[in-house]
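**Q** dropping a prediction and its sequence here:
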Amino acid sequence: MSVAVIGAGAFGTALAVVLAGKAPVTLWGRDIGWAGTRENPRLPGIRLPDSLRVTDALQDCLADTVLLALPAQVLGGFLAEQGQLFDGRRLVSCAKGIDLASLTGPSALIGAACPQATVAVLTGPSFAADIARGLPTALTLACADPQAAQSLQHQLSTGALRLYRTTDVPGAELGGALKNVIAIAAGAAIGAGYGDSARASIVTRGFAEMVRLATALGARAETLAGLSGLGDLVLTCTSDQSRNFRYGLALGAGRDFAAGTTVEGAATARAVTALAVRMGIEMPVSNLVAGLAEGRIAMEHALDILLNRPLKEE
């Protein structure tokens, strides 16, 4: 079966590079002026293999399996315009976020735009540079259809990229989305000089929030304890390679963050706040991140907000 990747950012390009080691792959991007150099500036130092075709024509990407590696807040618009082109195929979401307009995850957006498609989610602890360089990486592949999940698992796994499958699509998807929010809070704690102990507390209480919301939305708690939840949370809350963590560092230190850089956790925090209100669920760390990102809460008051919460059992 053929494979195409929609989205020539760092992560989409990395997936295309590693999968092209097994079979020819097509990579689509809007701005591919760099294609002639065979090196994407968003993934410096990685030369694209000859088996990877780069195009700006969506008609070239009508493969059996299509990986949608677009930002979560971009995916809905793309599907509204182009969804009919990809209906009936195996569509794998690689986005990590909650759509602000619909307050749903990428799989719901795909299912609504492409009702005849087989929908799957690829998520877990990974950085684009590690994948592209062939470093060992384990991810979760979620699909409600067990047979399709097994087929996709074999198609998208490589020697260094190992996929574990699950039928818990909400759990896998929400783990990948919510950990970005907590990573911003962890980065802010370090940036503000609160220390590693404060970060550990935020990560732990943040994980409890992730499980609360995800299970209320139909996820299984054990999925959140796996690669797509706890695994990804640990990675993004402890590494400078994480854009969400770096964004939190900048917030905590009172510095500007690189303009134009996609920070999925900032938009997801706003969506989580709306969901939490709708469902009557307490999400103090997520609410704090939304307030910091929107400028409603100053960093010097952030710790007080968390510390002044009522004392209770864990």
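**A** Nice, thanks for sending it over. Numbering: from 1, shown residues only.
**Q** my guess is A172 contacts L139, does it?
**A** No. Taking contacts as C-beta atoms under 8 Å, A172 lies outside contact range of L139: 9.5 Å. For glycine as for every other residue, the C-beta is placed from the backbone atoms N, C-alpha and C.
**Q** now list whatever residues contact both of the two.
**A** Both A172 and L139 are contacted by T123, S228, under the criterion C-beta atoms under 8 Å, 6 or more residues apart in numbering.
**Q** between the two, which one's more packed in?
**A** Ranked by neighbour count (other C-beta atoms under 10 Å), A172 and L139 place A172 first, with 36 against 25.
**Q** what's the weakest-modelled helix or strand in the chain?
**A** One helix or strand of the chain scores below all others by mean pLDDT, DSSP states H and E: helix 299-307, with a mean of 74.
**Q** which residue ranges of the chain form strands?
**A** In the chain, the strands defined using DSSP state E lie at 3-6, 25-28, 52-55, 65-68, 90-93, 118-123, 137-143, 161-166.
**Q** partner strands of the second one, with direction?
**A** Looking back up the chat, that one is strand 25-28. strand 3-6 (parallel), strand 52-55 (parallel) (DSSP bridges).
**Q** picking that back up, any chance of the strands of the chain in CSV with distance to S107 and mean pLDDT as columns?
**A** Listed next are the strands of the chain as CSV, based on distance: least, C-beta to C-beta, whole Å; pLDDT from 0 to 100:
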stretch, distance to S107, mean pLDDT
strand 3-6, 15, 98
strand 25-28, 20, 98
strand 52-55, 26, 98
strand 65-68, 10, 98
strand 90-93, 6, 98
strand 118-123, 5, 98
strand 137-143, 8, 98
strand 161-166, 13, 98
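**Q** turn these into CSV, columns for distance to N40.
**A** Shown next, in CSV, are these (distance: least, C-beta to C-beta, whole Å):
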stretch, distance to N40
strand 3-6, 12
strand 25-28, 9
strand 52-55, 8
strand 65-68, 16
strand 90-93, 20
strand 118-123, 19
strand 137-143, 19
strand 161-166, 18
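**Q** out of the ones you listed, nearest to G291?
**A** Taking C-beta to C-beta, strand 118-123 is the member of the strands of the chain nearest to G291, at 26.4 Å.
**Q** next one: the closest one to chain centre, how far?
**A** On the basis of C-alpha atoms, centre = their mean, to the nearest Å, strand 118-123 is displaced by 12 Å from the centre of the chain it belongs to.
**Q** kindly report the same for stretch 166-174.
**A** With C-alpha atoms, centre = their mean, you get 13 Å for stretch 166-174.
**Q** need the contact partners of it.
**A** Counting by C-beta under 8 Å, 6+ apart, 93, 105-107, 119-121, 123, 140-146, 149, 210, 213-214, 217-220, 223-224, 226, 228-229 sit against stretch 166-174.
**Q** quick one: the helices in this structure?
**A** Assigned by DSSP state H, the helices in the chain fall at 10-19, 72-86, 106-113, 128-132, 146-156, 169-191, 196-216, 221-224, 232-238, 243-253, 264-279, 284-294, 299-307.
**Q** name the stretch among these that sits most buried.
**A** helix 169-191 (a mean of 30; mean count of other C-beta atoms under 10 Å).
**Q** no more questions from me, cheers.
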